[in-house]
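# Using only what follows, build the 3D model:
(one chain, ligands or ions: 3)
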Amino acid sequence: MEDDRSENGIVEHKAYARVGLLGNPSDVYYGRAISFSLGNFWASVRLEPSTDLVIFPHPTHDLVQFNSLPYLVNRLQTDGYYGGVRLLMAICKIFYNYCKENNINLHDRNFKLSYDTNIPRQTGLSGSSAIVCAALSCLLDFYKVRHLIKLEVRPNLILNAEKELGIVAGLQDRVVQVYGGLVYMDFSKKHMEELGHGLYMPMTMDLLPPLYLIYAENPSDSGKVHSTVRQKWLDGDKFIISSMEEVANIPLEGHTALLEKDYTKLANLMNRNFDLRRQMFGDDALGALNIEMVEVARRVGAASKFTGSGGAVVVFCPDGPSQAKLLEDACEKAGFVFQPAKVMPSFLNEVDIETLSSKLKQTI
Ligand SMILES: Nc1ncnc2c1ncn2[C@@H]1O[C@H](COP(=O)(O)OP(=O)(O)O)[C@@H](O)[C@H]1O
Ligand SMILES: O=C(O)[C@H]1O[C@H](OP(=O)(O)O)[C@H](O)[C@@H](O)[C@@H]1O
Ligand SMILES: [Mg+2]
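Ligands and ions are numbered 1, 2, ... in the order given. Prediction:
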């Protein structure tokens with residue numbers, strides 16, 4: 001998140017989209033991930049002191065007025081029933097309960113919350129958690145409790161807000177949205193149980209080669225995509241468990257590959273990551289259009305995988321700009337949006353960093 005303004009008690013924060021570069025979706029299953037904050041898109045939340053507590057619906061994302069019945073039905077079929085209001089309400093509840101349980105006193109003044117976002121909706125770029133992350137940041141400042149809620153705990157609060165709504169999701173999005181930049185994350189059961197969160201290690205952004213993004217107007221519900229595999233994993237399905245372990249090992253190798261700038265290895269790992277997802281989830285759950293986005297890149301010899309659960313793809317072109325140009329043309333023909341991925345640096349302030357336990361501070 002990013003601090004934008006603070007006048008007349010008004011607080012505004014941004015949180016950026018994110019790219020799961022390696023390891024997702026093993027973050028949902030005690031795995032590992034390497035992800036980066038994506039500067040191309042962001043959500044912003046504005047908090048204004050007020051007499052009543054008001055959560056404003058977004059004029060387009062929370063539509064309740066329609067031109068006609070067919071328009072309403074079409075809208076529900078493409079975007080689903082929900083917008084961001086439920087996300088804002090859920091983070092208010094989770095934040096309040098967390099403070100209460102941890103004896104963090106909150107003043108009794110009220111506020112109005114409103115949000116905006118340019119993150120393509122439900123495309124696996126973490127549009128949902130960006131809204132929640134920016135809202136949490138506003139609450140931290142409004143109640144002046146930023147120094148009391150540890151950085152490594154914040155992703156849990158953001159995830160809990162979505163869990164509260166029944167959205168199956170993991171921590172990698174929320175971690176990178178809180179930390180910014182490029183982050184290596186280890187969600188091993190041992191760390192999760194002992195610390196209540198994973199180990200998060202920021203990495204230098206210069207380690208990344210130029211990367212590209214492909215996406216399509218093709219909303220997919222990450223909760224729905226995840227639920228079958230999650231159930232199989234909980235039921236002890238051997239194939240899912242062993243494949244997920246393989247996915248979890250990819251960031252371990254990827255970490256070394258990035259440090260050594262071994263981009264041939266990076267390309268292989270990205271491709272392997274997607275192939276494993278495809279075997280576990282199956283083509284029906286992933287969706288033909290999403291698979292085609294991965295394949296359009298592979299046809300020009302690029303490496304590609306989903307950024308999240310589907311809707312957008314991250315691409316590495318080992319042969320450089322000429323290959324990227326070929327891909328750009330192929331995307332245009334296929335009707336996909338193609339753009340260079342902008343890595344957003346970390347924008348943590350001193351108060352945020354101070355909240356880290358001393359061992360973790362060394363990694364920032
Ligand atoms: N752009 C958006 N505007 C408003 N609400 C959104 C948006 N994107 C997601 N949401 C909300 O978050 C929920 C979960 O979205 P999700 O499938 O996780 O998408 P994403 O991949 O963008 O995170 C949606 O059902 C909706 O309530
Ligand atoms: O499946 C994935 O890679 C990710 O899916 C969710 O992210 P989303 O942007 O909503 O698709 C989930 O929250 C992540 O934890 C998964 O890694
Ligand atoms: Mg999401």
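
# Excluding sequence neighbours, find me the nearest residue to K189.
In this structure, K189 finds its nearest non-sequential neighbour in Y30, 4.5 Å apart by C-beta to C-beta, 6 or more residues apart in numbering. Where C-beta positions appear, they are placed from N, C-alpha and C, glycine not excepted.

# do G31 as well
A248 is the one closest to G31 (C-beta to C-beta, 6+ apart), at 3.2 Å.

# rewinding a little: who are the contact partners of the residue nearest to K189?
187-189, 192, 248 (C-beta atoms under 8 Å, 6 or more residues apart in numbering).

# again, 10 Å this time
Counting by C-beta atoms under 10 Å, 6 or more residues apart in numbering, Y30 touches 170, 186-193, 198, 233, 244-245, 248.

# Out of the residues you listed, which end up buried?
170, 186-187, 191-192, 198, 233, 244, 248 (16 or more other C-beta atoms under 10 Å).

# from these, which is closest to ligand 2?
G170 (2.7 Å; C-beta to the nearest ligand atom).

# What's the separation between the closest one and ligand 1?
11 Å (C-beta to the nearest ligand atom, to the nearest Å).

# repeat for K100
For K100, the distance to ligand 1 - C-beta to the nearest ligand atom - is 25 Å.

# For that residue, what is the enclosing helix or strand?
Here K100, judged by DSSP states H and E, is contained in helix 85-101.

# one step back: please produce a markdown table containing the buried ones among the contacts of Y30, extended by secondary structure.
Output for those, formatted as a markdown table (DSSP: H, G, I helix; E, B strand; the rest coil):
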| residue | secondary structure |
| --- | --- |
| G170 | coil |
| D186 | strand |
| F187 | coil |
| H191 | helix |
| M192 | helix |
| G198 | coil |
| W233 | helix |
| M244 | helix |
| A248 | helix |
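
# just to revisit the earlier point, orientation of the next helix or strand after the helix holding K100 relative to helix 85-101 in degrees?
Per DSSP H and E, the first helix or strand lying C-terminal to helix 85-101 is strand 110-117. Computed by axes from the mean of the first three to the mean of the last three C-alpha atoms, to 10 degrees, the angle separating strand 110-117 from helix 85-101 equals 130 degrees.

# name the helices or strands packed onto strand 110-117?
Helices and strands touching strand 110-117, by 3 or more C-beta pairs under 10 Å, 6 or more residues apart in numbering; DSSP states H and E, are strand 10-22, strand 32-50, strand 54-55, helix 85-101, helix 127-142.

# Between the ones you listed, which one is closest to G310.
Nearest to G310 among these is strand 10-22 (11.3 Å), distances taken as C-beta to C-beta.

# So the closest one, near ligand 1 or not?
No. Shown here: strand 10-22 not in contact with ligand 1 (C-beta under 6 Å from any ligand atom), separated by at least 8.0 Å.

# rewinding a little: wait, isn't the residue nearest to G31 in contact with I34?
No. Using C-beta atoms under 10 Å, A248 makes no contact with I34, being 11.6 Å away.

# Which residues are in contact with R32?
22-24, 26, 172, 184-188, 198-199, 247-252, 254-255.

# ok, now with 8 Å
23, 26, 184-188, 248-252.

# Please name the nearest non-neighbouring residue to it.
P251 is the one closest to R32 (C-beta to C-beta, 6+ apart), at 4.1 Å.

# Tell me, how many residues neighbour the one you found?
Neighbourhood size, P251 [other C-beta atoms under 10 Å]: 29.

# Repeat that for M185.
There are 25 residues near M185, going by other C-beta under 10 Å.

# residue ranges of the strands in the stretch 101-250 of the chain, please?
Using DSSP state E, counting those that start in this stretch, the strands of the stretch 101-250 of the chain run over residues 110-117, 182-186, 199-203, 211-215.
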